[in-house]
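Undergrad: below are the sequence and a predicted model for it; my questions follow.
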Amino acid sequence: MNGKTFPDTPTLMVKEGDLVKTTFVNRSFADHPMHLHGTMSKSLVKMENRLVEAHLS
């Protein structure tokens, strides 16, 4: 996060109901699904000029 890797990353504190936008970039050579532990989230993908819910398998 912000150019750092765990465990040198800050804790992201939010309140229930807050809308938070994050962008994850995997700079390694390995595939790794990125996620936040202990949260409910919705993944979106940009299609043309709009955001739609991503259907992940």
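TA: Everything's here; your move.

Undergrad: rest of the way, CA atoms for contacts and neighbours
TA: Fine.

Undergrad: name the element G38 belongs to?
TA: Element membership for G38, per DSSP states H and E: none, as it lies in no helix or strand.

Undergrad: for it, phi and psi?
TA: With angles defined as degrees, to the nearest 10, G38 sits at phi 70, psi 30.

Undergrad: distance check, it against T11.
TA: Taking CA to CA, to the nearest Å as the measure, G38 falls 12 Å from T11.

Undergrad: try H55
TA: Relative to T11, H55 is positioned 28 Å away (CA to CA).

Undergrad: which residues touch stretch 44-57?
TA: Residues from elsewhere that reach stretch 44-57 (CA atoms under 8 Å, 6 or more residues apart in numbering): K42, S43.

Undergrad: let's see 6 Å
TA: S43 (CA atoms under 6 Å, 6 or more residues apart in numbering).

Undergrad: that stretch: how far from the chain's middle?
TA: Taking CA atoms, centre = their mean, to the nearest Å, one finds stretch 44-57 lying 14 Å from the centre of the chain it belongs to.

Undergrad: which parts of that stretch are buried?
TA: Residues of stretch 44-57 include none that count as buried (16 or more other CA atoms under 10 Å).

Undergrad: ok, now stretch 9-25?
TA: Buried, per 16+ other CA under 10 Å, within stretch 9-25: nothing.
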